[in-house]
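Asker: got a predicted model here, sequence first, then my questions.
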Amino acid sequence: MSLPSIGVGLIGCGTVGSGVVELLQDLRELYARRLGVELQLRRVLVRPQDVNYKTERVPAEALVTDPEAFFATEDMPVLVELGGGRGAISEFVRRGLAMGKHVVTANKALLAAEGPELFALAREHNASIGFEASCAGGIPLITALNFGLMANRIQAMYGILNGTCNYILTQMTAHGAQYGDALAEAQARGFAEADPTLDVGGGDTAHKLAIMASLAFGCQVSDKAIPCTGINTLDLSDVRFGAELGYEMKLLGLAERIEDDNAVALNLAVQPCFIHREEPLAQVSGSFNAISIFGDAVGQTMYVGRGAGKEPTASAVVSDILNIAAGWYPKAFSQLKLWPDQQAPARLLDPRENQARFYLRFNALDRPGVMAAIATALGDAGVSLSGIIQHESRAGEFVPLVMTTHEAKQGSLEDALNQIKQRDFIEGEPVVIRVIEMPPG
């Protein structure tokens, strides 16, 4: 007995798109048994120059280069967008939603910039948006935030959300590679793009953090509002000093719920941080992603896996297709109040009010009284020290002086550093790196 079918349209057939095509074909019978309906790939829209790019498995009759022919296809209620970027892709997504099509996307840049508008458009036309693949590749993070942790008020999230950066930092930490050499190796192995700016500058992580924070804290968050520092200015000496102190360096997307005098604000940032090497998050190496999420009831939960790549990302995309085809996801989308278009803009903490521990490195003149002067200036600002490293050197030279602080207000620390760096015994800018203290969990 033949089963009813659900038509799927695919925009873009690059690395991930070809993986989706392969899964839909190779596991067709498995999906049909699980759903009770067949998924049929009706149309695949590609640019004319991409007709022969990773489209070997696409049936010739399904492949089109004309958007009008694509959108005129009948019985195609699910649209999968894997073209990436915005511009024309945004218009395609909006057109599909306006036609009442359910959309599945891995497009973090699009959702971070236009998410509330797109979710509202979907709701207006009784459609839904599945975006599991947008934040952490094959890790089912969106499902966890929206459904698995629904009973909790989320207190904090700390995420290694970019495999390229994590691979580079692993090479620097484990093998002593300089940043440039580690980046070149990441590019040679296909982990980094020819232009890696979005990854190493932190922008990719900021896109993902904006989406995650919106869901976790029930608010609207723009990636443009997230302070962002990448790994492209890191010095290997800081990685080594951190290791002496027992820390691993990670680029984190961090989000913390701060409550004071009955007011709630979010502390959001993308930045290189030190984490004690005994923490599970610090032990995630190579191109893996990992996210620690702290809920008020469940405590700490942690999610680890491949954050990018053909098969892991295709897995998340096809899972969204299956959940839409099953009918439960569109119902949840229409009934639950979880989505950014239904929330107010986030109230963000002034970074100067952030309370945290910090690693400091000064290039300081090795002469009597310098360390005491620095410690006094910090102490006068309410910043107390928890550790100091200074290697032996010749008197009268500028040498690295490393300090770690107890918890301090970031603004007070910045004021003290602005005074210290004006002194004649300091050369260049002090280095400041946050030290993460995980919440109890």
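Answerer: Cool, got the structure.

Asker: which stretches of the stretch 301-441 of the chain have low pLDDT?
Answerer: Applying pLDDT under 70 to the stretch 301-441 of the chain flags residues 441.

Asker: and the strands in it?
Answerer: 355-365, 385-389, 398-405, 408-409, 431-436 (DSSP state E, counting those that start in this stretch).

Asker: Ala216 is nearest to which of those?
Answerer: strand 431-436 (17.3 Å; C-beta to C-beta). Quick note: C-beta positions are derived from backbone N, CA and C, even for glycine.

Asker: list the buried residues of that closest one.
Answerer: For strand 431-436, a neighbour-count test (16 or more other C-beta atoms under 10 Å) marks 431-436 as buried.

Asker: and what of stretch 159-167?
Answerer: 159-167.

Asker: next step: those residues restricted to strands.
Answerer: Applying DSSP state E to the buried residues of stretch 159-167, the entries found in strands are 159-160.

Asker: can you give the contact residues for stretch 16-28?
Answerer: 8, 10, 13, 31, 38-39, 41, 44, 54-55, 57-58, 80, 82, 106, 133, 310-311, 313-315, 317-318, 321 (C-beta atoms under 8 Å, 6 or more residues apart in numbering).

Asker: ok, now stretch 256-267?
Answerer: 153-157, 213, 217, 219, 221, 254-255, 268, 346-349, 351, 354.

Asker: count the neighbours of the closest residue to Thr197 other than its chain neighbours for me.
Answerer: Excluding the flanking residues, the one nearest Thr197 by C-beta to C-beta, 6 or more residues apart in numbering is Gly203, at 7.4 Å. Using other C-beta atoms under 10 Å, Gly203 has 19 other residues around it.

Asker: and Ala377, by the same measure?
Answerer: Look at Ala377: counted by other C-beta under 10 Å, it has 17 neighbours.

Asker: now do the contacts for it.
Answerer: Counting by C-beta under 8 Å, 6+ apart, Ala377 has contacts 416, 419-420.

Asker: now do the contacts for Leu3.
Answerer: Contacts were defined as C-beta under 8 Å, 6+ apart; by that measure Leu3 touches 32, 36-38.

Asker: now do 6 Å
Answerer: 32, 37-38 (C-beta atoms under 6 Å, 6 or more residues apart in numbering).

Asker: swap in Asp341?
Answerer: 116, 119-120.

Asker: repeat for Gly201
Answerer: 230, 232.

Asker: and it, how far from Leu183?
Answerer: 12 Å (C-beta to C-beta, to the nearest Å).

Asker: do Asn126 as well
Answerer: Asn126 is 46 Å from Leu183, by C-beta to C-beta.

Asker: skip the chain neighbours and tell me the closest residue to Glu38.
Answerer: That would be Ser5: by C-beta to C-beta, 6+ apart, it lies 4.4 Å from Glu38.

Asker: tally of neighbours for that neighbour?
Answerer: Ser5 has 14 nearby residues by other C-beta under 10 Å.

Asker: again with Ile168
Answerer: Around Ile168 there are 31 other residues, counting by other C-beta under 10 Å.

Asker: OK, contacts around it?
Answerer: By C-beta under 6 Å, 6+ apart, the neighbours of Ile168 are 182-183, 186.

Asker: so of the residues you listed, which ones are in helices?
Answerer: 182-183, 186 (DSSP state H).

Asker: so Gly286 touches Thr170, yeah?
Answerer: Yes. Between Gly286 and Thr170 there is a contact under C-beta atoms under 6 Å: 5.5 Å.
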